[in-house]
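A.B. asks: Got a predicted model here, sequence first, then my questions.
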Amino acid sequence: MAETPEVWSQPVPRGLPPSYPSIEIAKIKPSRHQARKSFDDEKLKDLAESIRQEGLIEPVIVRPMGDYYELVSGDRRLRACSLLGHLTIEAKVIQPVSEAEAAAKGLVENLQREDLNPVEEAEGFRTLLDLGDSHWNQDQIAKVVGKTQGYISQSLNILKLAAPVVENIRRLIISRSHGLELCRLQTPEEQIQVAEKAKDLNQKETRKLVDQMLRGGEKAAKSEKQGAESSNQGFRFTRKGAGVAITAYFPGTGDMSKFLEDLRAAYEAWSSKPTVTADHTAPAVTDEDAELLAAKKGPAALCARICGAEDSRTKMLEGKTWTDFGIATPEEGLRAFLDGKITERR
């Protein structure tokens, strides 16, 4: 065991009033419902130094459990005092409460702090919901921790991501915003693949990458359906000088005669269309332009553009306007949506 620094062995100059009893640290066991799973060593040292200088400003809270006490809240304070070499700590002893009440007290205190990582925070939300207490629902949690119901729902979705992705968010390798974009992908393999690339991307770049993956999946599904009906796996025709370049795919197990018939029909349909001259070519529409156009139609249209028409968030926003969220312009609405600040108001 590391030797306690001499400077930390000095008496505490100030602290709590004597009304709080001192309890042996060795008799206090950690809570099973602790939201925080990782502790920053440097921040613990800073807290320990603060306690050495100023004393313990706020007691830990414990509940008696026979021959020991269970910590309800104050894990960092307990660890810091232990780091200082203290044998006892001032504690507020509360009367025995139900398991749900004890869990809720500690969880809410931790969730109201700002230093939980996104996964610890989401796990805390889920634990509260799993307590079996009808008092705790997403709306109630949102009120207590100062968040929106949509924020709580989004956090719970993060926990459904592939395990390696969740771990990357826990370790802050990628952000919560990255994780929310990855929630749009359906398979763990896709989530892991994009998460690896997202380490070097910002949220907007990650969203575009996810969009590309989703569009690619739609094309693959359409191609698979066409393949089941005929040998046509998609043809591309390009004018090249005086001739035509043709790109076609023929599956090894396909019907060659059917393939040639489909190719002929596709070429005739393509060649019958009038040639578009450069003067009539429409300017390219960027993702940003398309999203702003959708935002001008309202929150639901924007959500459908970004998340898909069948997404639950799109359905929740149907019938809503930007003014329902206190937003004056579609441009402000687009920024608010991309920042994850738009949710259904109940």
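C.D. replies: All right, it came through fine. The shown structure was predicted, so the numbers you read here are calculated from the model rather than taken from an experiment. Numbering: from 1, shown residues only.
A.B. asks: gap between residue 61 and residue 310?
C.D. replies: Relative to residue 310, residue 61 is positioned 46 Å away (criterion: CB to CB, to the nearest Å). (Glycine included, C-beta is placed from N, CA and C.)
A.B. asks: Who has more neighbours out of these two?
C.D. replies: More crowded of residue 61 and residue 310, by other CB atoms under 10 Å: residue 61, with 20 against 8.
A.B. asks: Let me know how buried residue 73 is, in neighbour terms.
C.D. replies: Neighbour tally, residue 73, other CB under 10 Å: 23.
A.B. asks: Ramachandran angles for residue 24?
C.D. replies: Here is the backbone geometry of residue 24 (degrees, to the nearest 10): phi -60, psi 130.
A.B. asks: Quick check, pLDDT for it.
C.D. replies: Predicted confidence (pLDDT) for residue 24: 91.
A.B. asks: what about residue 161, how many residues close to it?
C.D. replies: 22.
A.B. asks: and what of residue 187?
C.D. replies: 11.
A.B. asks: Check residue 140 too.
C.D. replies: Neighbour tally, residue 140, other CB under 10 Å: 16.
A.B. asks: quick one: pLDDT of it?
C.D. replies: On the pLDDT scale, residue 140 is placed at 82.
A.B. asks: Quick check: which element contains it?
C.D. replies: Assessed by DSSP states H and E, residue 140 sits inside helix 138-145.
A.B. asks: and that helix, which residues are buried?
C.D. replies: Within helix 138-145, the residues scored as buried using 16 or more other CB atoms under 10 Å are 138, 140-142, 145.
A.B. asks: what do you get for stretch 78-88?
C.D. replies: Burial within stretch 78-88, assessed by neighbour count using 16+ other CB under 10 Å, is assigned to 78-84, 86.
A.B. asks: And that stretch, end to end?
C.D. replies: One end of stretch 78-88 sits 9 Å from the other (CA to CA, to the nearest Å).
A.B. asks: outside of it, which residues touch it?
C.D. replies: 4, 8-9, 22-26, 28, 30, 39, 44-45, 47-48, 51-52, 56, 60, 71, 89 (CB atoms under 8 Å, 6 or more residues apart in numbering).
A.B. asks: What of stretch 211-218?
C.D. replies: Taking CB under 8 Å, 6+ apart as the rule, stretch 211-218 contacts 184-186, 190, 194, 287, 306, 308.
A.B. asks: Cross the contacts of stretch 78-88 against strands and list the overlap.
C.D. replies: Of the contacts of stretch 78-88, the ones assigned to strands by DSSP state E are 22-24, 28, 60, 71, 89.
A.B. asks: Which strands or helices does the helix holding residue 140 pack on?
C.D. replies: Using 3 or more CB pairs under 8 Å, 6 or more residues apart in numbering; DSSP states H and E, the elements in contact with helix 138-145 are helix 99-111, helix 118-129, helix 149-158.
A.B. asks: try it again with 7 Å
C.D. replies: The helices and strands touching helix 138-145, judged by 3 or more CB pairs under 7 Å, 6 or more residues apart in numbering; DSSP states H and E, are helix 149-158.
A.B. asks: chain center to the next helix or strand after the helix it packs on, what's the gap?
C.D. replies: The helix or strand immediately downstream of helix 149-158 is helix 163-170, counting by DSSP H and E. On the basis of CA atoms, centre = their mean, to the nearest Å, helix 163-170 sits 10 Å off its chain's mean C-alpha point.
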